[in-house]
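[1] fold the following, please.
(one chain, ligands or ions: 1)
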Amino acid sequence: MPHPAIIKDNVAVITGGASGIGLAAAMAFARAGMKVCIADVDQGRLAEAATKLSSVAPATNVMTFAVDVSKAESVAELERAVRERFGGTDVLMNNAGIQPGSTLFGERDNWQRIIGVNMWGVINGSRIFATSMIARGRAGLVINTGSKQGITTPPGDPAYNVSKAGVKAFTEALQHELRHTKDCRISAHLLIPGFVFTGLTAKGRTEKPAGAWTPEQTVDFMIARLEAGDFYILCPDNDVPRALDEKRMLWAAGDIIENRPPLSR
Ligand code: NAI
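    Okay, the predicted model is just below:
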């Protein structure tokens, strides 16, 4: 049974839709007969992605939009443009993300950019689209792409961890709110990919490393879990539960912070 929101003629908007997981989702939604808007900051990639989409969908079902998800005005323009072109949104995937690397005491601008795109991007998208999606009155989905790093917060890249921990907390709050909104048939979901071979993770590699998933595998899994009604869509190559247990043990043993200064008395 297809998910009631992922059906022919419904409208899907995917941020970060010009490549990787976002483009794979757009292709899958387009194959299901949905109207698809891919929104991305990279206009060159958007044009290439539109060409790929045109191999599985009529041009009338495809829209591209240049957006910077870290800016609320830009996301509001996207929402308006989709409403004008397709009448509204049924599925919103807040998926745009960056991982340039960060250090705890490194550049503040870098922290702001990472949190701006990864966390504010999700908050902007959810807040701006949810109102009009609720008013539309149909079954709908908000899918936010988190990361296991937002749950296990491993050492290294603290700004990315913080941004993705924010995505988790925000999506939980959103789902709570939607469940308590009268007559609302929209649900929120947190996608937690494993290691997916995309531009974000390739780091110069041209071959998919053993054990990595393709974006298409990730999206097939996501759609199956959406149909099953899962809130946390935890990709199975993921070691989140084990990592959390290990982390709890490390905290308990006091080992998680190396070279801890002595406690002040
Ligand atoms: P990707 O680099 O192929 O796709 C990310 C897209 O976001 C790009 O097309 C990029 O242009 C776009 N983008 C960047 N900044 C933007 C902005 N300000 N506004 C609009 N679009 C913007 O990477 P991938 O792997 O497909 O990433 C998708 C999501 O999945 C990200 O949120 C990432 O953090 C998350 N993720 C990926 C994992 C992986 O192993 N690839 C693992 C866990 C999470």
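
[2] and E77, how far is that from the ligand?
    According to C-beta to the nearest ligand atom, to the nearest Å, E77 stands 12 Å off from the ligand. All C-beta atoms are positioned from the backbone trio N, CA, C, and that covers glycine.

[3] next, the contact list for that residue, please.
    F65, V67 (C-beta atoms under 8 Å, 6 or more residues apart in numbering).

[4] just the strands in the stretch 101-250 of the chain please.
    Taking DSSP state E, counting those that start in this stretch as the criterion, the stretch 101-250 of the chain contains strands spanning 140-145, 186-192, 232-234.

[5] of the ones you listed, which is nearest the ligand?
    Of all those, it is strand 140-145 that lies closest to the ligand, at 4.2 Å by C-beta to the nearest ligand atom.

[6] how about the strands of the stretch 101-250 of the chain in TSV, adding distance to A210 and mean neighbour count?
    Formatted as TSV, the strands of the stretch 101-250 of the chain follow (distance: least, C-beta to C-beta, whole Å; neighbours: other C-beta atoms under 10 Å):
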stretch	distance to A210	mean neighbour count
strand 140-145	24	25
strand 186-192	21	24
strand 232-234	21	19
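
[7] can you redo these as TSV with distance to A130 and mean pLDDT?
    Shown next, in TSV, are those (distance: least, C-beta to C-beta, whole Å; pLDDT from 0 to 100):
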stretch	distance to A130	mean pLDDT
strand 140-145	7	98
strand 186-192	7	97
strand 232-234	19	94
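
[8] TSV for these, including distance to N118?
    Putting these into TSV (distance: least, C-beta to C-beta, whole Å) gives the following:
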stretch	distance to N118
strand 140-145	9
strand 186-192	13
strand 232-234	17
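
[9] which residues touch the spatially closest residue to G101 that is not a sequence neighbour?
    Nearest in space to G101, with sequence neighbours left out and distances taken as C-beta to C-beta, 6 or more residues apart in numbering, is D157 at 5.9 Å. Going by C-beta under 8 Å, 6+ apart, D157 touches Q99, G101, S102, Q149.

[10] repeat that for 10 Å
    Contacts for D157 (C-beta atoms under 10 Å, 6 or more residues apart in numbering) come out as Q99, P100, G101, S102, T103, L104, I114, Q149, S163, K164.

[11] same question, E216
    With C-beta under 10 Å, 6+ apart, E216 has these contacts: I21, L23, A24, A25, M27, A28, V196.

[12] what distance do you get for it to the ligand?
    The gap separating E216 from the ligand is 11 Å, by C-beta to the nearest ligand atom.

[13] kindly report the same for F170.
    For F170, the distance to the ligand - C-beta to the nearest ligand atom - is 13 Å.

[14] now do that residue, the pLDDT please.
    In this model, F170 is scored at 97, pLDDT.

[15] M1: which of the contacts of E216 is nearest?
    If you rank the contacts of E216 by distance to M1 using C-beta to C-beta, A28 comes first, at 16.2 Å.

[16] so that closest one sits against H3, correct?
    No. A28 is beyond contact range of H3, at 11.6 Å (criterion: C-beta atoms under 10 Å).

[17] give me the common contacts of the two.
    In contact with both A28 and H3: I223, using C-beta under 10 Å, 6+ apart.

[18] count the neighbours of F86 for me.
    21 (other C-beta atoms under 10 Å).

[19] coming back round to it: out of the contacts of E216, who's near the ligand?
    Restricting the contacts of E216 to those near the ligand by C-beta under 6 Å from any ligand atom leaves I21, V196.

[20] looking at the contacts of E216, which has the most residues close by?
    Busiest of the contacts of E216 [other C-beta under 10 Å] is A25, holding 28 neighbours.

[21] no more questions from me, cheers.
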